[in-house]
Structures are given as C-alpha cells and as structure tokens.
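**Student:** Following is a predicted model, sequence given first.
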Amino acid sequence: MAKLTIQELKKLKESVSKDLSLRDGKSSIRILVHMGTCGIAAGAREVMNTLMEEMAQADRQDIRVVASGCMGMCSSEPNVTVEMEGQQPIVYQQMNANKMRQVFKRHVLKGEVQTEFALARG
C-alpha cells in the first residue's frame, strides 16, 4: 500500500471536513431531503445527488443538507423541505432533478419560493 504524503493528508482532511460541514454546524439555510423508503422508491436519491452537485458548484458554507426520514406524505414523495433563518419552512413535493436545481438556484440562492412545487408552508 502506498504511503500518503503530508499534502495528500491535508487535502483529504479538507475534503472530509467540507463534507461533514454540510450536515453539521451552524447554518442560515437547511435543506432536508426526505429519504424514507417511500421517498427513495420515488426518486429521492436522484434528488439528493442533484442537490449535492448544486452545492459543490455554489460552494456556500452557510447551507446544510440533511437526509431526513419519511414525513408521512407518501403520495407526494420525493419531498424536500427548505428552512431559511427567520422564515417559515417550505415543503416541496414530487421533486426530481430538474425541480431540485430550480428550487436550489431560485429559492435557496435567491430567496424566491417556487410555489408551483410547494406542498406546504410551516
């Protein structure tokens, strides 16, 4: 097995720290992807993968992504909840990769709620 250099270890530490900061720490925005079995069966994994791609491009440290359980609304899965500091949470329904990109770019980054996908406020 090849030995890692100090530089490689530092780079690995930075990468892992960045990944962990998506789930932990203080944030002004939190995005929950509901990934119960019904959500996963409906496509929540694809939604989560798309969200992670968007997060990597945006490189924002104030946004946290959380994999959450089922919220009991199986007929509207995959569901995503966007919580922004000082505002009511918005639950988005029947999400897919394209809808997730739009919600991320418009709601999360610009503050424009995407009412056509919204299931509920609060």
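**Tutor:** Okay, I see it. Please read all numbers here as calculations on a predicted model, not as lab measurements.
**Student:** and Arg106, what is it in contact with?
**Tutor:** Arg106 is in contact with Glu112, Gln114, counting by CB atoms under 8 Å, 6 or more residues apart in numbering. C-betas here are computed from N, CA, C, even on glycine.
**Student:** Against Lys11, how distant is it?
**Tutor:** According to CB to CB, to the nearest Å, Arg106 and Lys11 sit 33 Å apart.
**Student:** quick one: the helices in this structure?
**Tutor:** With DSSP state H, the ranges of helices along the chain come out as 6-21, 37-42, 44-58, 97-102.
**Student:** I'd like those helices laid out as a markdown table, including distance to Glu83, mean neighbour count and mean pLDDT.
**Tutor:** Shown next, in a markdown table, are those (distance: least, CB to CB, whole Å; neighbours: other CB atoms under 10 Å; pLDDT from 0 to 100):
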| stretch | distance to Glu83 | mean neighbour count | mean pLDDT |
| --- | --- | --- | --- |
| helix 6-21 | 17 | 10 | 71 |
| helix 37-42 | 17 | 18 | 94 |
| helix 44-58 | 14 | 17 | 95 |
| helix 97-102 | 16 | 16 | 97 |
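**Student:** Among the ones you listed, which comes closest to Gly86?
**Tutor:** Gly86 lies closest, by CB to CB, to one member of these: helix 44-58, at 20.4 Å.
**Student:** mind checking how far the closest one is from the chain centre?
**Tutor:** Distance of helix 44-58 from its chain centroid, counting by CA atoms, centre = their mean, to the nearest Å, is 7 Å.
**Student:** How about stretch 92-110?
**Tutor:** Centre to centre, stretch against its chain (CA atoms, centre = their mean), the figure for stretch 92-110 is 10 Å.
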